[in-house]
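Enquirer: sequence first, then the predicted structure:
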Amino acid sequence: SEMVYPHQQASNLWTSRMAFILAAAGSAVGLGNIWKFPYITGENGGGAFVLVYLACIFLIGVPVLIAEIMIGRRGGQSPVASMRTLTQTEGTARGWRIIGWNGVVASFLVLSFYAVIGGWALVYIGKAAVGMFAGADAEAIGGQFNNLLANPWELLLWHTAFMAIVVFIVGKGIRSGLEKAVNMLMPLLFLLLIVMVFYAMNSGSFGRAVSFMFSPDFSRLTTEGVLTALGHAAFTLSIGIGVLMAYGSYLPKNINIARTAMTIAVLDTSVALLAGLAIFPLVFANGLETGAGPGLIFVTLPLAFGQMGGGVLFGAIFFALLLVAAITSAISMLEPVVEWLEEHKGANRVKSAVAGGFAAWFIGIGTVLSFNRWSDIHPLGFISMFEDKTVFDLLDFLVSNLMMPLGGLAIALFAGWAIRREGLAEDIGLQGGAYKAFMFVLRFVTPAGIAIVFLYNLV
Ligand code: PFF
Ligand code: NA
């Protein structure tokens, strides 16, 4: 009979398909959808970028999502340990273990800057609640945001607060309790986004926004833009980084991975598109820049909250929900690091969470400074592609555009070519033609897609 891995003991398993979807969707839906997707869409010219992004989600993201969860369940342990075991039980080369290590390092690095932006969400709950946006114009609201960025100590304070919340939750092991609460909060976030889209329909330039987002103009898309779209597909689905491998290790055998993965991808994509439809009408109506960068939602949405009835309450609730979404993503990033520390350093959960969180917090100081004291420092400025990238930009590029898609490529190759085929169709939850089509995509389309994007960016 099969060996039973630690995570695959009945007491450790997710209690239902729903519980797993909530955790995985909690990891997926976050700042990536509401903060990052709109601003990188704006920076990369709109429609053509969105089209490439959607293609990346369904031809690359979903197959890797399925493969990663399946590998996690077959391995049944932390990403590093799962990969070590699987290279033995599946009889593959030892080199595949890099997938586990890449995940630990990348998820740790992404947490370092994610917590800084999570801090912004914390600040904006307060700003909204005390009515700082009421009646303010675009200039005043832009000024509020710039003042925040200019103050490293204030950014550090909120970065610290955000990280402390994440460490507390992971250390206490109260993830499952949190997920039950999130059960109600995420549908509320979804609803509030729809309210914002309706608001934008009535008082924004909705038509211009729709054509900006959905009519592709390929002359506005650069090769680096294509890489950014690929990287964001990985970032937004939390793939290629070991997080879903860690979560998948707790998934009961009878749950259909393909269907679950599709549900997560559709949810995540709808949240991102709704965020875009809420924000761009306001950008155009107020004569703002689509390419305004990381501050885009912190300038456009407050403008709307400042003008609509009940905006104080709506605004505070919206940023609170954004915070919850950010926290559920951030706890998933700490998971691979904590599991690794527990297994390899023999530390307990609390110590591992504190150590991992502290180290990520420390690296996060670089991101804090990127928005003020170091805003003119471009560490790789001698390479033309990185000419005007700050420390934050470089970290984001390294993780989102390199480590996550390359981790995804390795996962697709490992699942598509290296591991045993027997039982694979059942493991994934597909049969007959659907399974064959899926395997074709996973083995050829997904790896070729990632490889082509990288080759184009090299030459
Ligand atoms: N998917 C998250 C988001 O869209 O906000 C970000 C993320 C979570 C990235 C977990 C990486 C990760 F490991
Ligand atoms: Na996401």
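Expert: Perfect, thanks for sending it. Being a predicted model, the structure only gives us computed values, none of them experimental. Ligands and ions are numbered 1, 2, ... in the order given.

Enquirer: ok, now which ones touch Arg97?
Expert: Applying Cβ atoms under 8 Å, 6 or more residues apart in numbering to Arg97 gives the contacts 80, 83-84, 87. Bear in mind the C-beta positions are built from the backbone N, C-alpha and C, glycine included.

Enquirer: do you know how far it is from Trp374?
Expert: According to Cβ to Cβ, to the nearest Å, Arg97 and Trp374 sit 35 Å apart.

Enquirer: also Ser203?
Expert: 38 Å.

Enquirer: show me the shaky parts of the stretch 201-350 of the chain.
Expert: Of all residues in the stretch 201-350 of the chain, none has pLDDT under 70.

Enquirer: ligand 2 contacts on that one?
Expert: 236, 268 (Cβ under 5 Å from the ion).

Enquirer: what helix or strand is the residue in the stretch 201-350 of the chain that ligand 2 sits nearest to located in?
Expert: Going by Cβ to the ion, ligand 2 is nearest to Thr236 of the stretch 201-350 of the chain, at 3.4 Å. Element membership for Thr236, per DSSP states H and E: helix 223-237.

Enquirer: next, count neighbours for Val50.
Expert: 23 (other Cβ atoms under 10 Å).

Enquirer: got the buried residues for the helix holding Thr236?
Expert: 225-237 (16 or more other Cβ atoms under 10 Å).

Enquirer: got the CA positions of the helix or strand that comes right after that helix in CSV?
Expert: Beyond helix 223-237 in the direction of the C-terminus, DSSP H and E gives the next helix or strand as helix 243-248. As requested, the backbone C-alpha atoms of helix 243-248 are provided in CSV (Å, rounded to 0.1, in the frame of the first residue of the first chain):
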residue,chain,number,x,y,z
VAL,A,243,2.4,28.0,-1.6
LEU,A,244,-0.2,25.8,-3.3
MET,A,245,2.1,22.8,-2.9
ALA,A,246,2.0,23.4,0.8
TYR,A,247,-1.8,23.8,0.8
GLY,A,248,-2.2,20.9,-1.5
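
Enquirer: got a list of contacts for helix 243-248?
Expert: Under the contact criterion Cβ under 8 Å, 6+ apart, helix 243-248 has outside partners 20, 23-24, 27, 65, 68-73, 75, 78-79, 82, 100, 103, 107, 238, 257, 332-333, 335-336, 339.

Enquirer: once you drop chain neighbours, what's closest to Ile69?
Expert: Gly248 (3.9 Å; Cβ to Cβ, 6 or more residues apart in numbering).

Enquirer: wait, Met245
Expert: Spatial nearest neighbour of Met245, chain neighbours left out: Gly72 (3.6 Å); criterion: Cβ to Cβ, 6+ apart.

Enquirer: just checking, what packs against the helix or strand hosting that neighbour?
Expert: If you go by DSSP H and E, Gly72 is part of helix 62-75. Identification of packing neighbours for helix 62-75 by 3 or more Cβ pairs under 8 Å, 6 or more residues apart in numbering; DSSP states H and E yields helix 79-89, helix 223-237, helix 243-248, helix 257-285, helix 404-413, helix 424-428.

Enquirer: no more questions from me, cheers.
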